[in-house]
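1. here is a sequence with its predicted model. Questions after.
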Amino acid sequence: MVMRLGLFLLVFMLGLGLTLPTLAQDNFRYRDFLAKHYDGTPEGRNDRYCESTMRRRHLTSPCKDTNTFIHGNRHHINAICGDENGNPYGGNLRISTSPFQVTTCKLHGGSPRPPCRYRATRGSRNIVVGCENGLPVHLDESIFRP
């Protein structure tokens, strides 16, 4: 009896040890997605907005060629990974069923070294995200065309 209990506890602890790092890693990838692509209440949405936001989010060392910021409600973005606001789009990608306000910042001038100069393109688009464990972890830039 004691042996079975000990074996059960060992298996339980091993499972817990493998599960927690995976959950923490997924949470990190989601937080990284938000840091790179989410701005719920943008100010300006012009070239100056792109330059200051890219710099604040540490996306300018080296200068990132293109980055898109999604504006609006975080819950609606998360819902793309489920049936509430998303449809399958191949692999682990999902496309939103409703459009989002976005600002796409494109490097202007060609040098990958700071100071980085960006041009802003504003729009409303359906977005494609990669999901893991029900959360967005990747924004697929390929559908964003000016």
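-> Perfect, thanks for sending it. Everything numeric here is computed off the predicted structure, so don't read it as measured data.

2. from Arg55, how far off is the closest residue to Thr97 other than its chain neighbours?
-> Leaving aside its sequence neighbours, Thr97 sits nearest to Asn85 (Cβ to Cβ, 6 or more residues apart in numbering; 5.4 Å). (Glycine included, C-beta is placed from N, CA and C.) Distance of Asn85 to Arg55, given as Cβ to Cβ, to the nearest Å: 31 Å.

3. where does pLDDT dip in the chain?
-> 1-26, 142-146 (pLDDT under 70).

4. tell me, how many residues neighbour Tyr89?
-> 17 (other Cβ atoms under 10 Å).

5. enumerate every residue touching it.
-> 95, 128 (Cβ atoms under 8 Å, 6 or more residues apart in numbering).

6. again, only this time at 10 Å
-> Contacts for Tyr89 (Cβ atoms under 10 Å, 6 or more residues apart in numbering) come out as 80, 95-96, 126, 128-130, 140, 143.

7. only whichever of those are buried, select them in PyMOL.
-> Command for PyMOL that selects the buried part of those, burial taken from 16 or more other Cβ atoms under 10 Å:
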select buried, resi 80+95+96+126+128+129+130+140
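
8. identify the farthest-apart pair in the contacts of Tyr89.
-> For the contacts of Tyr89, the farthest-apart pair by Cβ to Cβ is Asn126 and Gly130; their separation is 15.0 Å.

9. now, which of the contacts of Tyr89 lie within strands?
-> Judged by DSSP state E, strands contain the following of these: 95-96, 128-130.

10. quick one: the strands in this protein, in order.
-> Per DSSP E, the chain has strands spanning 66-71, 86-88, 93-96, 100-107, 118-125, 128-132, 135-139. These are given in chain order.

11. of all these, which one comes closest to Arg31?
-> That would be strand 135-139 among these, by Cβ to Cβ, at 9.6 Å.

12. and the angle from the closest one to strand 128-132?
-> Relative orientation of strand 135-139 versus strand 128-132 (axes from the mean of the first three to the mean of the last three Cα atoms, to 10 degrees): 130 degrees.

13. report all helices and strands that strand 135-139 contacts.
-> helix 2-37, strand 66-71, helix 74-78, strand 128-132 (3 or more Cβ pairs under 10 Å, 6 or more residues apart in numbering; DSSP states H and E).
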